[in-house]
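In: fold the following.
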Amino acid sequence: LTIASRMRRSAHLATVCALAAFSVSVASATTAFSAAFAAPSNPRMLSLMGGRRAAVFGLRRALPVFSPARNKNTGISSLAGSVAGLYQAKGRTEEAVEQVAQQLSKKKFQLDSATILKIEAERKAIQAQVTVLQEERNSKSKSIGILKSKGEDIAGVLKEVDGLKSKMQEAEGKMKSIEEQLESILLSVPNTPHTSVPPGDSEDANVEVLKWGDIPKFDFKVKDHVDVGAGLAGMDFAVGSKISGARFVQLAGDVASLHRALIQYMLDTHTQEHGYSEVYVPYIVNEESLIGTGQLPKFKEDLFMTRHQDRDFYLIPTAEVPVTNIMRDTVATLEDLPIKFTAHTPCFRSEAGSYGRDTRGLIRQHQFEKVEMIQLVHPNASYDALEQLTGHAEAILQALELPYRKVELCGGDLGFSASKTYDLEVWLPAQETYREISSCSNCEDFQARRMKARCKDEGGNVLLHTLNGSGLAVGRTLVAILENFQQEDGSVLIPKVLQKYMGGKEKMVPPPPKPVPEKKAKGKGKGKAKAKADA
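Out: Sure, this is the predicted structure:
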């Protein structure tokens, strides 16, 4: 037996060594393949190959979209656990909960650790009670057969079993109530920030990563987009207010055409050059969708709600909601990854917390348009994907020749669902400052857990990582063009990449002034005839 055991151990060791050697050879081949066929200069190839490299080598784990050696974010990995631990009993120990609370403090969120631990203690106590009752019931049930075989009376035991069943049902009802209470608390807990996120309380602490483009210089007094748009007879806030109310606008003529051209150009670029699939989605969504992406229950006051057939529905605040929810309750395969969607939608926001801010112009409207980019990727690839997605938004700004800067958000300015975010801010000459035009975020598995969006992986299903970003906010891009490309005569140059969408026009010009009607001479009878003769 000793000899046989040693032989088995030797065979096992030989197998391990052979598998290790095979892994090294496959890793080398994979690296060579990535270098040869996935150069960063060809983003569409990167997109297409990202989910199919595994099939080429017979592997079950998809590789990141970019080669880590080429990515300046190398070393950034997802947080194993973090807020996810709160959804599991083993993650609700005092030490684990306090660790999550410490991470969330970077977002200026105070986790109610005491309440969570109290509820968890109650849950454990009831769970233990259910276990004892189940064991006792099983024991009593087994004794019934034994008593029957002996011909003894089982009425008393049956009564005890029924009593145990009632107690179990009562305990299970308490357990369900506790779990619902815990879930209600956890739905209002934001995602934890990544360890690389800089500390800070507000946007003043955001870290500038880069600037691109030259700030335009003007030898005339610069107008803001409201005055430029009015001069082109293309922007009328009074009509928007008459139709709907404050924070609405009517666009017309070349300005409306430019707005549409921007949408078409962004969609064409993302689908033809960046590897996204275009989708058309509903603009009205249910509560489940908003819970999935994190807008509900915490941000209900920011939403426009409508009620139909005794059920609440909401106008979408961003295409992120319906597009990301395409994968709700879905299990993808590794060959499907990365999943990349783009969509143009109107967006509707009540701006409940923005009273008095940006009341002039298009910067903050109740209704506005966006072209959104969504990626759902393997957890190993999400931080490479964040760099890629942000680069796609930057590519639009660069093609439009709009100066911008890229900033990394600090913990205090980070969104509810995001682990890490880059903001792109475009230069607005009239305000002499940069304003946000795109926000690109990695939410890791935070939204996927709420949506149950998974992929098959070795060892079972894993939660996907979700990313979103504006590519771009159309209204704010229109603002930037009107202000950065304005001319002294009131005309506005059209960026070269948009001219084909504008019928070949190179600039928008103000309409000719309307002729002033002649005043009619006053007079009655003979006086009126005399005035006509004199004329």
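
In: show me where the stretch 301-450 of the chain has helices.
Out: For the stretch 301-450 of the chain, helices defined by DSSP state H, counting those that start in this stretch occupy the ranges 320-324, 382-399, 446-451.

In: winner for burial among those helices?
Out: helix 320-324 (a mean of 26; mean count of other CB atoms under 10 Å). The C-beta positions use only the backbone N, C-alpha and C, and glycine is treated the same way.

In: now that helix, how far from the centre of its chain.
Out: The chain centroid and the centroid of helix 320-324 are separated by 8 Å, computed with CA atoms, centre = their mean, to the nearest Å.

In: my guess is Gly292 meets Cys443, correct?
Out: No: counting by CB atoms under 8 Å, Gly292 does not reach Cys443; the two are 10.9 Å apart.

In: which one of the helices of the stretch 301-450 of the chain lies closest to Ala205?
Out: Ala205 lies closest to helix 382-399 among the helices of the stretch 301-450 of the chain, at 19.6 Å (CB to CB).

In: which other helices and strands does that closest one contact?
Out: Counting contacts by 3 or more CB pairs under 8 Å, 6 or more residues apart in numbering; DSSP states H and E, helix 382-399 is packed against helix 43-50, strand 207-212, helix 253-272, strand 367-377, strand 404-408, strand 420-428, strand 433-442, strand 465-473.

In: distance between that helix and the chain's centre?
Out: For helix 382-399, the distance to the chain centre is 14 Å (CA atoms, centre = their mean).

In: ditto for stretch 141-152
Out: Per CA atoms, centre = their mean, the centroid offset for stretch 141-152 relative to its chain is 61 Å.

In: and that stretch, C-alpha only, in PDB?
Out: Below are the C-alpha coordinates for stretch 141-152, written out as PDB (Å, rounded to 0.1, in the frame of the first residue of the first chain):
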ATOM      1  CA  SER A 141     -40.400  11.700  11.200                       C
ATOM      2  CA  LYS A 142     -37.900   8.800  11.300                       C
ATOM      3  CA  SER A 143     -39.300   7.600  14.600                       C
ATOM      4  CA  ILE A 144     -42.800   7.300  13.100                       C
ATOM      5  CA  GLY A 145     -41.700   4.500  10.800                       C
ATOM      6  CA  ILE A 146     -40.000   2.700  13.700                       C
ATOM      7  CA  LEU A 147     -43.100   3.000  15.900                       C
ATOM      8  CA  LYS A 148     -45.300   1.800  13.100                       C
ATOM      9  CA  SER A 149     -43.200  -1.300  12.600                       C
ATOM     10  CA  LYS A 150     -43.600  -2.000  16.300                       C
ATOM     11  CA  GLY A 151     -47.300  -1.500  16.100                       C
ATOM     12  CA  GLU A 152     -47.200   1.400  18.600                       C
END
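
In: avg pLDDT for that stretch?
Out: Average pLDDT, stretch 141-152: 72.

In: that older thread, of the helices of the stretch 301-450 of the chain, which is nearest Glu122?
Out: Here helix 446-451 is closest among the helices of the stretch 301-450 of the chain (CB to CB), at 23.2 Å.

In: nearest residue to the middle of this protein?
Out: Per CA atoms, centre = their mean, the C-alpha nearest to the average position across the chain is that of Asn468, at 3.7 Å.

In: in the chain, what secondary structure element scores lowest on mean pLDDT?
Out: helix 53-57 (a mean of 27; mean pLDDT, DSSP states H and E).

In: I'd like the next helix or strand past that one.
Out: The helix or strand immediately downstream of helix 53-57 is helix 94-104, counting by DSSP states H and E.

In: list the buried residues of the helix or strand following that following helix.
Out: Downstream of helix 94-104, the first helix or strand assigned by DSSP H and E is helix 113-149. Neighbour-count burial for helix 113-149, counted by 16 or more other CB atoms under 10 Å, picks out 113, 116, 119-120, 122-123, 126, 129-130, 133, 137, 140.

In: now stretch 486-505, how far from the centre of its chain.
Out: Worked out by CA atoms, centre = their mean, stretch 486-505 lies 32 Å from the chain centre.

In: taking helix 113-149 as reference, get the angle to whichever helix or strand Ile185 is part of.
Out: Using DSSP H and E, Ile185 sits within helix 155-186. Angle, helix 155-186 to helix 113-149, by axes from the mean of the first three to the mean of the last three CA atoms, to 10 degrees: 160 degrees.

In: ok so Tyr280 is a strand residue?
Out: No: counting by DSSP: H, G, I helix; E, B strand; the rest coil, Tyr280 is not found in a strand; it is coil.

In: next, the contact list for it, please.
Out: When the contact criterion is CB atoms under 8 Å, 6 or more residues apart in numbering, the partners of Tyr280 are Ala343.

In: contacts only, for the closest residue to Leu164 other than its chain neighbours.
Out: Closest residue to Leu164 apart from its sequence neighbours, by CB to CB, 6 or more residues apart in numbering: Arg137 at 4.3 Å. By CB under 8 Å, 6+ apart, the contact set of Arg137 is 161, 164-165, 168.

In: quick check on the residues you listed: which are buried?
Out: Among the contacts of Arg137, those buried by neighbour count (16+ other CB under 10 Å) are 161, 164, 168.
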